[in-house]
Every structure is written in C-alpha cells, then in structure tokens.
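Participant: My questions concern the predicted model and sequence given below.
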Amino acid sequence: MAVTSISTVRRWSMLVVALLATLCANVFINGVAFLIPTLHSDRGLDLASAGLISALPSLGMVVTLIAWGYVVDRVGERLVLSLGSALTAAAAFAAAAANSLVATSAFLFLGGMAAASSNTASGRLVVGWFDAERRGLVMGIRQTAQPLGVGLGALVIPRLAHADGVSAALLFPAIVCAASAVVCLVAVLDPPRPPRAEADRSDLANPYRGSSLLWRIHLVSVLLVIPQAVVWTFSLVWLITDRGWSPGSAGTMVMLAQFLGAGGRIAAGRWSDAVLRRSGSGDVLAARLGPIRTIAAAAAAAMALLALTDWLGSPLSIVVLVAASLITVSDNGLAFTAIAEFAGPFWSGRALGTQNTSQLLATGVAPPLFGAIIGIAGFPVAFAVCALLPLVAIPAVPVSARPVGSGQ
C-alpha cells in the first residue's frame, strides 16, 4: 500500500486522530497538576507532596517511552494507540476509585506508563501518511496536542475537583482516554511500510551506528527544551511576584502564551516545508535542521532580552516573555519530524521514544535547578543562564544528511 492509496480526506483524518489521541493523553499527563490546590486544601498535603503526585504520570512516561517505541516498530500504530489509550483510561478509572492516596499515586504512575504510547505512535502515524513536503506542517499541528491538552485540563479539572473532589476530577481524563481508545481502534489505518522480511538491509540497520546525527538532534533538543520548561514553569509566579499581576490575569496570560506557542509550532513546520519545496534538492533533513538553527538563535536572543528587560524593570519584559514562550517551543515538531525521517520505518519508534525520554528528563531537572538559581540570584540571572543553552545548541545542530530509510 502506498501513501497515495487513500483519499486526501482519509489521510487528513489520520492527523486528526493522532492529534486527538495525544491531546487526550496530555489531559491525563498534565491535568493532574490542576489537582494540587484540592490536594492541598482538602487532603491536607503540603505543596511539595502534592507536586510530587502531579509529577507521577510524567515519571511513568519516562520508564516506557522507548519500550512503546519498540512495540510500534514491531506491530504498528493502530494497536499501540488503541491499547495505550485503553490502559491509560483504565488506570485513570482505578485512580478515581482508589480509597487511599498511595493507591491513587500508584495508578497515576501506571497511567503515565500507558500514556507514553501516544507520543511515539501518533508521530509515526503522521509521518507515515504524509509526504515529505507536508510533514513539517502536519507534525507541527500534531505537536499542538500538548498545549491544547493542558488548556482543556485547565478548563475542566479544577472545576470538577473544587465541586466534587479529586476522584470526580480524575473521571474526566479517564472518559476522554476511553473515547480516544475507541476512536483509534475504529479509525486508525497503519501507514505503509515494507514487510520486515522484504526490507533492505539499510532500512533495518541501527541508525545510531555510524552516524552521530540522531545523538546530536537529541542533544540540541535537550538544550532547547530547558528554556521552554523554565518559561512555562515560572511565568505565572514571575508575573505575580515580580510584575505584580493578579493570579487571574497572570493565568490568562500564561494560557495565551501557550496557545501562541502552539501556533509557533505550526508556523515552524510550514516554514520547513516551504524550504524543502524551494530548495529542489530533495534534502529533507536540511529543511528541518536549518530552521532549528535559526530558532535556536532567536531563542537565545529572546531569553537574553528577557533577562535584560527584567533586570531594568521594563514593562517591555511582558511582551518579551510572550515572544520567548512562542519561540522556545517552535523547534519541537521539526526535531521530531527529522528524527522519524532519518531513522526510517523500522527504527523511528525507538528513536522518537529516546527523543521524548531525554526531553522529559531535562524538563524534570530544569524546574528545581532554575528554581534554586532564582532563589539565590533572581529571575534575570536565571533567564540569562537560559540564553546560553540555545547558543550552545547552534553549533551542535548536525549538518544535513539524507535519511537511511523513509518508508516511502
């Protein structure tokens, strides 16, 4: 079966399903954070303990991302998306029904292990059903699932928790993940790839051997995700404590910045597709890697300007914060697409799992580390340190290399 063997509407429906599956998983993964006020006020937990519980789904993901990637490489996207969503829903239902916080915490961790399936499988689904000249755009659209999932969780979960408690609030991600499992089972069509027995030896070869390209993309992505994590984590408290905003106004600004960041991912993907079409060389990776270098330079400039305007107490720092929120997330889809294109149909699952694992570990380490820097030296110094990381990333972006296998 070729990529062109299905209609345009069917192909774009694969993008919609991939987006929805990842969005629903993110409602579970990130939505637990919106239970912190209720856990603190109703269950008597201190903020540190409540924060640890909210991090359990993400910690669960770290354990299984690469394993799910291996399963995708072996059995395909439809089974992984359906099974992973169903297991996430089951864990969320069990967490809601649990009678103790220990049991709830255990099920949240297990749910994160299951929810990791959507990250790799949905990315593979998109890359497999679209040709190279559209992949940047469609992967950028798919990458909006995280901020949209966070926004949906922020809209529903706190209200349910305030009105009916933690157990009732956990039913919402359980229901949306169960619905996602049904949709994936019915609607997903695995993209074409040659049978393993008939594949060329080059397609089956480990892409991490003989080339540093994937390792360098992972390194660049880690360096670029840290400023993103710092901006998203500390924007709210910065606006409230340093700029004197009310919590409501600060929350609205942070949500706006997240949605603008989603738009930035789409724009970056469209940009890379345009670069590919204009080049006429067919060098797919050059079209992804070139924009990543530009985004890294822009991220360094934005974080440095944020540090300067904050140090000067300038009101322009608010505008710069929004710009930094947009720029620092724009590379995500490009790196994800480049990894899938280079690794090929028999290794991209594991490569994408490695990419997500490294980024999750970095985003887990960054908040406490930069929180300590802020506590000792203040926000301007923390922002300035963040500006150095994209500068290091610029020379680390690999030179162009053609993919070892694309499945096309």
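Facilitator: That came through, no problem. Numbers count the residues shown, from 1 in each chain.
Participant: Quick one: residues contacting the residue nearest to residue 62 when sequence neighbours are not counted.
Facilitator: Excluding the flanking residues, the one nearest residue 62 by CB to CB, 6 or more residues apart in numbering is residue 360, at 5.2 Å. Placement of C-beta: from N, CA and C, glycine included. Residue 360 makes contacts with 58, 61, 62, 65, as judged by CB atoms under 8 Å, 6 or more residues apart in numbering.
Participant: With neighbour count as extra columns, can I get those residues in JSON lines?
Facilitator: Putting those into JSON lines (neighbours: other CB atoms under 10 Å) gives the following:
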{"residue": "58", "neighbour count": "21"}
{"residue": "61", "neighbour count": "26"}
{"residue": "62", "neighbour count": "17"}
{"residue": "65", "neighbour count": "25"}
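Participant: Just the residues you listed: which are in helices?
Facilitator: Within the contacts of residue 360, residues falling in helices by DSSP state H are 58, 61, 62, 65.
Participant: Residue 113: which of the residues you listed is nearest?
Facilitator: Sorting the ones in helices among the contacts of residue 360 by how near they are to residue 113, with CB to CB, puts residue 61 at the top with 7.0 Å.
Participant: So the closest one is in contact with residue 30, correct?
Facilitator: No - at 10.9 Å, residue 61 does not count as touching residue 30 under the criterion of CB atoms under 8 Å.
Participant: And for residue 75, the neighbour number?
Facilitator: 14 (other CB atoms under 10 Å).
Participant: tell me the contacts of the closest residue in space to residue 86 that isn't next to it in sequence?
Facilitator: On the basis of CB to CB, 6+ apart, the spatially nearest residue to residue 86 that is not a chain neighbour turns out to be residue 181, at 4.0 Å. Under the criterion of CB under 8 Å, 6+ apart, the contact list for residue 181 reads 81, 82, 83, 85, 86, 89.
Participant: run the last query once more with 7 Å
Facilitator: For residue 181, the residues meeting the contact criterion (CB atoms under 7 Å, 6 or more residues apart in numbering) are 82, 85, 86, 89.
Participant: out of these, who has the most neighbours?
Facilitator: Using other CB under 10 Å as the neighbour criterion, residue 85 leads those with 31 neighbours.
Participant: just to revisit the earlier point, JSON lines for the contacts of residue 181, including secondary structure and distance to residue 205?
Facilitator: Written out in JSON lines, the entries for the contacts of residue 181 read as follows (DSSP: H, G, I helix; E, B strand; the rest coil; distance: CB to CB, whole Å):
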{"residue": "82", "secondary structure": "helix", "distance to residue 205": "30"}
{"residue": "85", "secondary structure": "helix", "distance to residue 205": "32"}
{"residue": "86", "secondary structure": "helix", "distance to residue 205": "34"}
{"residue": "89", "secondary structure": "helix", "distance to residue 205": "37"}
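Participant: between those residues, which is nearest residue 394?
Facilitator: Among these, and counting by CB to CB, the member closest to residue 394 is residue 85, at 38.0 Å.
Participant: Excluding covalently adjacent residues, which one is nearest to that closest one?
Facilitator: Nearest residue to residue 85, sequence neighbours excluded (CB to CB, 6+ apart): residue 181, at 3.7 Å.
Participant: what's the helix or strand for the one you found?
Facilitator: Here residue 181 is covered by helix 166-187, with elements defined by DSSP states H and E.
Participant: Mind listing what's buried along that helix?
Facilitator: By neighbour count, and taking 16 or more other CB atoms under 10 Å as the criterion, the buried residues in helix 166-187 are 166, 169-174, 176-178, 180-181, 183-184, 187.
Participant: min pLDDT across the residues you listed, which one?
Facilitator: Among the buried residues of helix 166-187, residue 166 carries the weakest pLDDT, at 86.
Participant: Do I have it right that that residue meets residue 37?
Facilitator: No - using CB atoms under 7 Å, residue 166 makes no contact with residue 37, being 10.6 Å away.
Participant: next one: the helix or strand encompassing residue 251 to chain centre, how far?
Facilitator: Assigned by DSSP H and E, residue 251 belongs to helix 247-279. For helix 247-279, the gap between its own C-alpha mean and the chain's C-alpha mean amounts to 13 Å (CA atoms, centre = their mean, to the nearest Å).
Participant: Repeat that for stretch 289-297.
Facilitator: Using CA atoms, centre = their mean, we find the averaged C-alpha position of stretch 289-297 to lie 18 Å away from the chain's own average C-alpha position.
Participant: Name the residues that touch it?
Facilitator: Counting by CB under 7 Å, 6+ apart, stretch 289-297 makes contact with 220, 224, 268, 271-272, 275, 327, 330-331, 334-335, 338, 390, 393-394, 397-398, 400, all of which sit outside it.
Participant: Flag the shaky bits of the stretch 301-408 of the chain, pLDDT-wise.
Facilitator: Within the stretch 301-408 of the chain, the set of residues satisfying pLDDT under 70 comprises 399-408.
Participant: ok so, going back, need the contacts of residue 181 in a markdown table (columns: pLDDT and distance to residue 228).
Facilitator: What follows is those, written out as a markdown table (pLDDT from 0 to 100; distance: CB to CB, whole Å):
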| residue | pLDDT | distance to residue 228 |
| --- | --- | --- |
| 82 | 96 | 30 |
| 85 | 96 | 26 |
| 86 | 97 | 31 |
| 89 | 97 | 29 |
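Participant: if we can go back for a sec, now, which of the ones in helices among the contacts of residue 360 sits nearest residue 314?
Facilitator: Nearest to residue 314 among those, counting by CB to CB, is residue 58 at 34.5 Å.
Participant: pretty sure that closest one is touching residue 29, no?
Facilitator: Yes - counting by CB under 7 Å, residue 29 is a contact partner of residue 58 at 6.1 Å.
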